[in-house]
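A.B. asks: Have a look; sequence and predicted model below, questions after that.
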Amino acid sequence: TDYLYRRYEGGGAAAVSFCVIFSQDNRKGTHPPEVCLGESVVASRDVVVRDVAGQGDVPCRMLLTATDRRRECFLSVSTCGREYTASFWKQQLIILVNGLLHRNASGALIRVSTAVGDDDEEAARQRCAAMMAAAIPYLDAALP
């Protein structure tokens, strides 16, 4: 119940993977995406997903990975309640403080990824951003 993973394909566009890891009351339930992706990370930077319904601009972390066979773009955001941050460490601090103050200490990591085709990093980032923007209003309604 703490993990959701879906892969969306069709319409001629590259497949997009969507993952949510949620923790109701355990700050250690999530971790930075770099932990899972390891040595294949070749670039990282903060980006903003603009005009998300109910949130406005949402800061995200973009990671590019490369292996011998595939390049992939990952876009992730950490949450605590309705606060979204590109920084896993900021999320952890907010969860810790909220827990001490007996406030909502739930947290989630939302990660979207897609293949980088023909070295077109920007198109991959845009696919990820579109999925993130579409998903966040539903997550706001579903998560505490």
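C.D. replies: Noted; the coordinates are in hand.
A.B. asks: Quick check: Val35 is in a helix.
C.D. replies: Yes: Val35: assigned to a helix according to DSSP: H, G, I helix; E, B strand; the rest coil.
A.B. asks: So in this protein, where's the weakest helix or strand by average pLDDT?
C.D. replies: Lowest by mean pLDDT, DSSP states H and E among the helices and strands of the chain is helix 33-37, with a mean of 78.
A.B. asks: Need the contact partners of the lengthiest helix in the chain.
C.D. replies: Assignment by DSSP state H gives helix 121-142 as the longest helix of the chain. Under the contact criterion Cβ atoms under 8 Å, 6 or more residues apart in numbering, helix 121-142 has outside partners 8, 13-14, 16, 18, 20, 47, 49-55, 58, 60, 62, 64, 72-75, 77, 79, 82, 84, 108, 110, 112-117. Any C-beta I mention is one placed from the backbone N, CA and C, and that applies to glycine too.
A.B. asks: in this protein, which spans are strands?
C.D. replies: Counting by DSSP state E, the chain has strands at residues 3-10, 13-23, 41-52, 56-66, 71-80, 83-85, 107-115.
A.B. asks: Turn those into CSV, including mean pLDDT and distance to Asn98.
C.D. replies: Output for those, formatted as CSV (pLDDT from 0 to 100; distance: least, Cβ to Cβ, whole Å):
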stretch, mean pLDDT, distance to Asn98
strand 3-10, 92, 22
strand 13-23, 92, 12
strand 41-52, 95, 22
strand 56-66, 95, 19
strand 71-80, 93, 6
strand 83-85, 89, 10
strand 107-115, 93, 9
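A.B. asks: how close does the residue nearest to Met62 when sequence neighbours are not counted sit to Gln55?
C.D. replies: Excluding its sequence neighbours, the residue lying closest to Met62 (Cβ to Cβ, 6 or more residues apart in numbering) is Val47, at 4.8 Å. Counting by Cβ to Cβ, to the nearest Å, the separation of Val47 from Gln55 is 15 Å.
A.B. asks: for Asp118, same thing?
C.D. replies: 32 Å.
A.B. asks: quick one, which of these two is more surrounded?
C.D. replies: Gln55 (15 against 6; other Cβ atoms under 10 Å).
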